[in-house]
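Novice: Show me how the following folds:
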Amino acid sequence: MLALIRAIVGRDLRLALRRRSDIVSALFFFIIVVSLFPLGVGPEPELLRTLAPGVLWVAALLSTLLSLPRLFADDHRDGTLEQLALAPQPLGLIVLGKVFAHWLVSGLPLTLLAPVLGIQFDLSSEALWTLVISLLIGTPALSGIGAIGAALTLGVRGSGVLLSLLVLPLYIPVLIFGAGAVDAVVTGLGAQAHLSLLGALTLGGVFFAPWPTAAALRIALE
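Specialist: Sure thing, here's the model as predicted:
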């Protein structure tokens, strides 16, 4: 099982490195969106600290959403997905490997970049660490939940818009608890409750989402 997941992750990472433009475009989108807010609302430190959690999390969410349409589309186009579906291993495990690879090329770079951009909002070191932890815990849930939408819209015309309509409402709890953890630290409260609920959402999104995703992929292949 672990060997299968490692093989899928390694393959998807190699393919992602051949399409560096997709990774770079998502990162630049994240940087531009976050950097425009301090320029637009002014240099007031109190206002920037108030806006920071929501701005950073919304930008990370939208950046992750940019790369979701290609999660299964390329494999579906060249017939690889059909071969994976015919493999003796469960398709859900293959999806789990692809979700993990998607997080490595989208969620993890955003998490590492976020504290550098958070300095623009005059966040304290404790708030920056909480931001990193919340993104590290929450972004896998974005990849897991997004995989369901990517599978449901596979091969559909205008799938990008439909994917956004399907996935964004499911992202709302992750956004609330992720931004709430940072906001709690900014206001002097503890972030443990928010992070615990965020961790529960991630566990559900990562370990339960591959199975409905696999079912949706089988329907798309029929």
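
Novice: Kindly provide the distance from Val132 to Pro115.
Specialist: Taken as C-beta to C-beta, to the nearest Å, the spacing of Val132 relative to Pro115 amounts to 6 Å. In this view, the C-beta of every residue, glycine as well, is placed from N, C-alpha and C.

Novice: swap that for Ile148, sorry
Specialist: Noted for Ile148: a distance of 30 Å to Pro115, by C-beta to C-beta.

Novice: now do Val156
Specialist: Taking C-beta to C-beta, one finds Val156 at 38 Å from Pro115.

Novice: ditto for Ser63
Specialist: Remark: distance between Ser63 and Pro115 (C-beta to C-beta) = 16 Å.

Novice: The two: who's more crowded?
Specialist: Using other C-beta atoms under 10 Å, the more surrounded residue of Ser63 and Pro115 is Ser63, with 25 against 17.

Novice: Correct me if wrong: Phe121 contacts Gly54.
Specialist: No: the pair Phe121 and Gly54 does not pass the contact test of C-beta atoms under 8 Å, sitting 10.5 Å apart.

Novice: More neighbours: which of those two?
Specialist: Here Phe121 and Gly54 are set side by side on neighbour count (other C-beta under 10 Å), and the busier one is Phe121, at 24 against 17.

Novice: In this structure, what residue spans correspond to helices?
Specialist: All helices of the chain, identified by DSSP state H, fall at 2-18, 20-41, 45-66, 70-78, 80-86, 91-102, 108-118, 125-152, 159-186, 192-207, 210-221.

Novice: Now mean pLDDT too, for those, in a markdown table please.
Specialist: Conversion of these to a markdown table gives the following (pLDDT from 0 to 100):
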| stretch | mean pLDDT |
| --- | --- |
| helix 2-18 | 86 |
| helix 20-41 | 87 |
| helix 45-66 | 90 |
| helix 70-78 | 83 |
| helix 80-86 | 85 |
| helix 91-102 | 90 |
| helix 108-118 | 92 |
| helix 125-152 | 92 |
| helix 159-186 | 89 |
| helix 192-207 | 90 |
| helix 210-221 | 88 |
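
Novice: just how off-centre is stretch 82-102 within its chain?
Specialist: 19 Å (C-alpha atoms, centre = their mean, to the nearest Å).

Novice: per-residue confidence at Gly158?
Specialist: In this prediction, Gly158 carries a pLDDT score of 67.

Novice: go on, Gly190?
Specialist: 82.

Novice: Got the phi and psi for it?
Specialist: phi -90, psi 150 (degrees, to the nearest 10).

Novice: List the contacts of the closest residue in space to it that isn't next to it in sequence.
Specialist: Nearest non-adjacent residue to Gly190, counting by C-beta to C-beta, 6 or more residues apart in numbering: Ala184, 6.3 Å away. If you count contacts by C-beta atoms under 8 Å, 6 or more residues apart in numbering, Ala184 has them with Thr130, Gly190, Ala191, Ala193, His194.

Novice: Equivalent analysis for Leu152, please.
Specialist: When the contact criterion is C-beta under 8 Å, 6+ apart, the partners of Leu152 are Leu166, Ala216, Ala220.
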